[in-house]
Structures are given as structure tokens and as C-alpha cells.
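Asker: show me how the following folds:
(one chain, ligands or ions: 1)
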Amino acid sequence: MFHSQLWSTTHDALKPCLQEVFPSVEQKRVEKVMPADTFYFSIVRDPVALAESSFAYYKEVAPAFRKAKGLGEFVDDPKRFYESRLRNNHYARNLLWFDFGLDHNANFSLALAQLGEDMIRRTFNMILVSEYFDQSMILLRHALCWPLDAVVAFSLNARQQKPSSTGGVGESWVGKAAAAAGVGIRGGHVQAKLPPNLSLTEEQREKLRQWNAFDWYLYKAFNKTFWKEIDKFGRTQMEKEVNLLRMRREDLARVCLRDGGKPVEAHQIRDKNIRPFQSGLVKILGYELQSGLDNVTRKLCVRMIRPEIQYKDVLDSKQFPQPHAIQAQQQRLIVAVGGTFLKQDPPWKGKKEMGGDVGVGGRTLEEGMKDWDSSLLNRNNQTMVREHEKLRLR
Ligand SMILES: Nc1ncnc2c1ncn2[C@@H]1O[C@H](COP(=O)(O)OS(=O)(=O)O)[C@@H](OP(=O)(O)O)[C@H]1O
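Answerer: Just a heads-up that it's a prediction; the model follows:
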């Protein structure tokens, strides 16, 4: 949901002014706090891929998904499982349409779909396509006159597609996922639901498109516009720039990431501050940084792989700096002794290294509390305090 207080300060923190709109659009309230020349963009994803992702993450969150054994069973007869009035069922029907602030339970009609499309076109300067992420980044960088490096990114928040084959019950994918989901393992048997079955036949994929008719309509419409934009840009030039982008990504992966940049399970990441939050029964992968990076390089690399919740916390700390709290904390560290002031080691120093691992860049927790640009992170943020309440941000 949109909160003007949040965004009014975000705008100062995020210059130049642009928004990748994730929350439902409440355009008037957004416009009140954003400058007139704000660049609004969003991204659409193929509804079939989106449904797979949504089912995997939100199986236990959306009532409509909960009772279905697999995505296929849900799709075969969605009305058996779906009740429009139930909270969180937006994950199960027309999620794109919902994210654009539209009524995802409305009966499909072409007229209504066109109205929605027009509204989105009026609101957004650009709609990108997830399936062509690299091409999207090139279009975006040109629209914003950004250098190539500004859009080089590693894929974040990816779902593990297959369970790992090694390890006993405690070490297995199911075991860990169950633990993450807070389900017990008794007598060596996993008392948890298995990871969701996402396999679909071609017929079921087609049914999914019908069930998510508004999303399918939007996806087709914006996909068409996207390719028109690429034609305007020039296909050869696009190919050239996409190649450059990929080369640059590979270079950065070599510098920043272990094992050639292969995404890894969260528990393999030694630095807890860059572990992606886990939700549901699928694993969300992250990256392990190269060791021995100098400070500047490390900051750049962390910036590229910081998971979404930690990223939100960085924004929070920029938007809501707590000068009094910081000052008070600093004062607590300065102890008056016989008229002179000595700086005392903070209580955590020497006890706890970041992620419990001294080897990771050799940074202390104190340093770890600072963001890439050295601003202090607020410890009373959501990540630190309400660990158990988190869901992926949507
Ligand atoms: N660069 C790039 N290219 C293509 N796809 C990418 C990229 N980065 C992230 N992803 C995929 O986006 C999915 C996560 O999206 P979000 O971070 O928005 O999370 S969520 O949808 O709000 O839950 C998640 O999809 P699934 O893995 O299918 O769940 C990511 O794999």
C-alpha cells in the first residue's frame, strides 16, 4: 500500500526521481509527493511463470492454494479452491492486474481490460518485460540516460528449482525448508508438506491464461509495445548492447561472487547480512561473496546482491534517520573518566563478528551496520526485530 509519508522521503533518497511501482497504484497520492518529471516504470511477467512463482512462495499464504496438491490440481478447477472474499487470494488470480491497483476479481471483458490498459499507459512511462530482462534494462537506461553500469545486475530472489540431492533428512532440502517454515520433523519423518508440485501440461497452461485473463491480456498488450520500442531502438543495436551488458555482468560476477557467480542456498552464505529471507517451502537463493575484497569493491559487490528486505531497511534508514537515537548511542560509548573522554569499545566488539565469521571481509558487526555509503543502519528495523513476521514484499 502506498504511504505518502514513506514516499515523500524516499523521493529525497532516490534521485533522480523514478519509481518502479510495486505497490498498488494510488496515483493521485503518489503524484502529490513526487516531482512532476518523475519517471514511472513497471515490469510485467508471463502469467504462467508468475503463477508458478506465486504458487511456490505463497502456497501456505493464499487460501486458494492451500488445499490444492499442486498447481495443476488448482488450475484444473480453480473455482473449487478460490473464494474472492478471502484475504491473500490475490496471489492466486490476476496478480499483475492487482499490483496495478485494479480489481483482480472483476469479470473479464475486453472493454474493461482495455480501460485498465489505458489507465496503465497513462500512468507509466515505460512497461518492461521480465522474460526479456536484459533488453528491458537497455531500454530503461536509454530512457533515463544512464550509463551501462547503472543497469548491470545479478538475478535476485530466484527460487531453487530442484532439491539438492545430498544430505540426510536434517540436511535435505525438505528438512531445511520445513525448518524455515517452522514445521517439525519427528522420528526421522518430515511432518511437513512436500515442496509444491508445479508441473503443468500445455492444456493446464492454457487454462491458467484463461483464469488470469486480465493478466494475460496485459502481458500480450505490453509485450507488443515492448517489441515496437525495440524496433524503434534498433534490433542490431539492442543485440550489441545486450552483449555488452552480459559481458559486464560476467566481469562483475568474477570479481564479486564465489563459484563463478552460481546462486547458493541461504545457509551456505556465511555473512548473515546478505542471506535472502526464506519463506514457504521453496528456497530463495542468494550469493556468496569472494573473500579478500578491498573495502570499495566489497561495498560495490554487496550493493549488487543485497536481498530485498535488507535493501528496504537501507532505504528505511535513509528515509527515517534517527539522529537522537544515533547521538544517544554514540554518547553511551563515550565515558567520562577523570575529566577526559575515552572511547569505549562497543559491547559487541571482539565477541561477534558479522555472520559469526571473521573471515568474511574481516568486518565487525559495527561496520556491518553501515550501509555501502557508510550511513548507519537502524538496528530497530524490521529485518532485525520482526524476523518471524516477514514475508516477501508484496
Ligand atoms: N534478472 C532477472 N531476470 C529474470 N528474472 C529475474 C531476474 N531477477 C529476478 N528474477 C525473478 O523474479 C522473481 C522474483 O521477483 P521479485 O523479487 O519481484 O519477488 S516477488 O515476485 O515479489 O515475490 C523470481 O522468480 P522465480 O524464481 O520464478 O520465483 C526471480 O527468479
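
Asker: pretty sure Leu218 is touching Asp46, no?
Answerer: No - contact between Leu218 and Asp46 fails when scored by CB atoms under 8 Å: they sit 10.9 Å apart. C-beta: built from backbone N, CA, C; applies to glycine.

Asker: so between the two, which is more surrounded?
Answerer: Set Leu218 next to Asp46 and count neighbours by other CB atoms under 10 Å: Leu218 wins out with 23 against 20.

Asker: tell me which helix or strand that one sits in.
Answerer: Using DSSP states H and E, Leu218 sits in helix 213-233.

Asker: right, is that helix up against the ligand?
Answerer: No - when contact is scored as CB under 6 Å from any ligand atom, no part of helix 213-233 falls within range of the ligand; the minimum is 13.2 Å.

Asker: and if you look at stretch 43-58?
Answerer: Yes - using CB under 6 Å from any ligand atom, we find that stretch 43-58 touches the ligand at 53, 57.

Asker: give me the mean pLDDT for that stretch.
Answerer: On average, the pLDDT along stretch 43-58 is 96.

Asker: which parts of it are buried?
Answerer: 43-48, 50-58 (16 or more other CB atoms under 10 Å).

Asker: can you list contacts of it?
Answerer: 20, 62, 65, 71, 74-75, 88, 91-92, 95-96, 127-131, 136, 159, 195-196, 198, 200, 205, 208-209, 212, 215-216, 218-219, 222-223, 279-282, 392 (CB atoms under 8 Å, 6 or more residues apart in numbering).

Asker: only C-alpha atoms, please: export that stretch in PDB.
Answerer: Output of stretch 43-58 as PDB, limited to C-alpha atoms (Å, rounded to 0.1, in the frame of the first residue of the first chain):
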ATOM      1  CA  ILE A  43       7.500  -4.700 -15.400                       C
ATOM      2  CA  VAL A  44       5.200  -7.500 -16.500                       C
ATOM      3  CA  ARG A  45       5.800 -11.200 -16.400                       C
ATOM      4  CA  ASP A  46       4.200 -14.100 -18.300                       C
ATOM      5  CA  PRO A  47       1.200 -15.100 -16.100                       C
ATOM      6  CA  VAL A  48       2.100 -18.800 -16.300                       C
ATOM      7  CA  ALA A  49       5.600 -18.100 -14.900                       C
ATOM      8  CA  LEU A  50       4.200 -15.700 -12.400                       C
ATOM      9  CA  ALA A  51       1.600 -18.300 -11.300                       C
ATOM     10  CA  GLU A  52       4.400 -20.900 -10.800                       C
ATOM     11  CA  SER A  53       6.400 -18.500  -8.700                       C
ATOM     12  CA  SER A  54       3.400 -17.300  -6.700                       C
ATOM     13  CA  PHE A  55       2.200 -20.900  -6.000                       C
ATOM     14  CA  ALA A  56       5.700 -21.900  -4.900                       C
ATOM     15  CA  TYR A  57       6.100 -18.900  -2.500                       C
ATOM     16  CA  TYR A  58       2.500 -18.400  -1.300                       C
END
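
Asker: mind listing what His90 touches?
Answerer: 62, 98, 104.

Asker: could you rerun that using 10 Å?
Answerer: 24, 54, 58, 62, 64, 84, 97-99, 104-105, 394 (CB atoms under 10 Å, 6 or more residues apart in numbering).

Asker: ranking by neighbours, what's the top pick from those?
Answerer: Busiest of these [other CB under 10 Å] is Trp97, holding 26 neighbours.
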